[in-house]
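Participant: What would the 3D arrangement of this be:
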Amino acid sequence: MVRSYDLAATVITFDNKDPDRTASVLMAKMRGGMFIILDVVRVAENASQVRERIKNTAHTDDVVYKCRKITIPQDPGQAGKEQAESYLKELAGYQVIIRPVSKNKIIRAEPFAAQWQKGNILLLKGKWNDSFLTELEGFPDAVHDDQVDAASDAFATLANISVYSAPPDMETKSSYWNL
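Facilitator: Okay, here's the model as predicted:
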């Protein structure tokens, strides 16, 4: 299980009504090779609020899901390296994986999209479903791709592992959708 992030640090203003968002996707790999998306968060917050949210979400994920693995993207250049290192320090005690961003977004999303199209991605029912599905369906032509980027990174992190997670509250099939 992992929570992956796509970072932004822009609030909604009069001049910028639809900025990029910080998005995170909590995904688990299940027995049999299927994947399930348990939670998606998408917010327009400043850098300080984003950092606080990431720390709080890490704590909540640990308590609720026993998830201690987090991926943070590292943009190219010195600023990206500095940002990634600062998250490593702030999230001491968690398994933080820094994922350098090097491929274009479409190439990064292809493995996740292929599994989604084959029906190997489950989606826990939640308030975030409509926004998430709308962005996935509009990719790559949609205005935003924050959730797609986070989901692609979560999938890439989990795709080649052989240890499986059993998410809580999965007793009945009515609690998730098969995409």
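Participant: low pLDDT regions in the chain?
Facilitator: Counting by pLDDT under 70, the low-confidence segments of the chain come to 18-19, 142-143, 162-179.
Participant: got the residue ranges for the helices in it?
Facilitator: For the chain, helices defined by DSSP state H occupy the ranges 47-65, 78-90, 105-117, 129-138, 146-158.
Participant: Asp20 is nearest to which of the ones you listed?
Facilitator: Shortest separation from Asp20 across the helices of the chain is recorded for helix 146-158, at 5.9 Å, computed as CB to CB. For the C-beta atoms, the positions are set from N, CA and C on the backbone; glycine is no exception.
Participant: And that closest one, what does it pack against?
Facilitator: Where contact means 3 or more CB pairs under 8 Å, 6 or more residues apart in numbering; DSSP states H and E, helix 146-158 is packed against strand 2-6, strand 22-29, strand 35-43, strand 69-74, strand 95-100, helix 105-117, helix 129-138.
Participant: Other residues contacting the last one?
Facilitator: The contact list for helix 129-138, computed with CB atoms under 8 Å, 6 or more residues apart in numbering, reads 37, 40, 42, 116, 123, 142, 144-148, 151, 177.
Participant: Alpha carbons of that helix, as CSV, please.
Facilitator: This file holds the C-alpha atoms of helix 129-138, laid out as CSV (Å, rounded to 0.1, in the frame of the first residue of the first chain):
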residue,chain,number,x,y,z
ASN,A,129,-15.0,9.3,-7.2
ASP,A,130,-16.6,11.7,-9.6
SER,A,131,-13.7,14.2,-9.7
PHE,A,132,-11.2,11.4,-10.0
LEU,A,133,-13.0,9.6,-12.8
THR,A,134,-13.7,12.8,-14.7
GLU,A,135,-10.0,13.6,-14.7
LEU,A,136,-9.0,10.1,-15.7
GLU,A,137,-11.5,10.1,-18.6
GLY,A,138,-10.3,13.5,-19.8
